[in-house]
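Starting from these lines, generate the structure:
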Amino acid sequence: MKKIKSEHFECIKEDNSEEEYDKQWKRSKIIFDQFYEYLKGKGLKESTAGKRADLAAYFVMDYLFVYDDALSILEVSGDTIRTFLGNWYIRKFLNPRMSDIKSFLRAISDFFTFIRNEGFISDEDLEEIKEVCKDVGWFEMRLRTYFAAEGDEFYEWIRVYDYDW
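Sure thing, here's the model as predicted:
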C-alpha cells in the first residue's frame, strides 16, 4: 500500500469547479482509502467503515476545502468542527438531524485518530478535536435553537461559528 505523505493533506484546488474537485480527489483519495482500511482493521463492518470514510471525505472535500478555504486537512481545529456541524450543516441541509450530526462527529473523531496514528498531528491537536466531538449536548442545543430562534435571536444564532460565503 502506498504511503501517505504530507502533500496528500494539502488543498490544491484553484476554484470550486468539477475539474478542480477531481484533481483534489486524485490527490487526497489515498487518505480516505487508508482510513477505510484502518477502520476495517479495527473490526468495523465494511458498511460502517465505508460510511465513516465517506463522511470524513465529505467533511474535507465539500466543507473544509470549499467553505473553510483551508490549505490543509491538518489545519482542522475544534472551532472548524463547531462551524461545520454547529452552523454550516444545520443551515445547508434541508432536514438536518441529530443522528447525522452524531455520525459526522464519530467519523471526524476516528479520522483524526487515524491521522494522529499516522504521525501527522500531535496528541494535543487530537485531544482538542476529540473534546469537541464528545460535546454532543452543544450540537443538540445548536440544532434545537436554530429552529426556535426568531428575529434578532436568529441573527445572533447565525453569528455563532458563522462561515464565509
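
Next, the buried residues of the helix or strand encompassing residue 155.
For residue 155, the host element (DSSP states H and E) is helix 152-159. For helix 152-159, a neighbour-count test (16 or more other CB atoms under 10 Å) marks residue 157 as buried. The way it works is simple: take the backbone N, C-alpha and C, and place the C-beta from them, glycine included.

isn't residue 84 right next to residue 56, touching?
No - using CB atoms under 8 Å, residue 84 makes no contact with residue 56, being 11.7 Å away.

rewinding a little: quick one: mean pLDDT over the helix holding residue 155.
Averaging pLDDT along helix 152-159 gives 93.

Stretch 7-27 too?
Averaging pLDDT along stretch 7-27 yields 95.

Can you point out the buried residues in it?
8, 9, 10, 11, 13, 21, 24, 27.

May I have the lengthiest helix in the chain as PDB, with CA atoms only?
Secondary structure of the chain per DSSP state H: the longest helix is helix 18-41. Presented in PDB, the C-alpha positions along helix 18-41 are these (Å, rounded to 0.1, in the frame of the first residue of the first chain):
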ATOM      1  CA  GLU A  18     -15.700  19.900 -11.000                       C
ATOM      2  CA  GLU A  19     -12.400  19.700 -12.800                       C
ATOM      3  CA  GLU A  20     -10.600  21.000  -9.700                       C
ATOM      4  CA  TYR A  21     -12.600  18.800  -7.400                       C
ATOM      5  CA  ASP A  22     -11.500  15.800  -9.500                       C
ATOM      6  CA  LYS A  23      -7.800  16.900  -9.300                       C
ATOM      7  CA  GLN A  24      -8.100  17.300  -5.500                       C
ATOM      8  CA  TRP A  25      -9.800  13.900  -5.100                       C
ATOM      9  CA  LYS A  26      -7.000  12.200  -7.000                       C
ATOM     10  CA  ARG A  27      -4.500  13.800  -4.600                       C
ATOM     11  CA  SER A  28      -6.400  13.100  -1.400                       C
ATOM     12  CA  LYS A  29      -8.100   9.800  -2.100                       C
ATOM     13  CA  ILE A  30      -5.200   7.800  -0.600                       C
ATOM     14  CA  ILE A  31      -6.100   9.200   2.900                       C
ATOM     15  CA  PHE A  32      -9.700   8.200   2.700                       C
ATOM     16  CA  ASP A  33      -8.800   4.700   1.300                       C
ATOM     17  CA  GLN A  34      -6.400   4.100   4.100                       C
ATOM     18  CA  PHE A  35      -8.800   5.400   6.700                       C
ATOM     19  CA  TYR A  36     -11.300   2.900   5.400                       C
ATOM     20  CA  GLU A  37      -8.800   0.100   5.700                       C
ATOM     21  CA  TYR A  38      -7.800   1.300   9.200                       C
ATOM     22  CA  LEU A  39     -11.500   1.200  10.300                       C
ATOM     23  CA  LYS A  40     -11.900  -2.300   8.900                       C
ATOM     24  CA  GLY A  41      -8.800  -3.300  10.800                       C
END
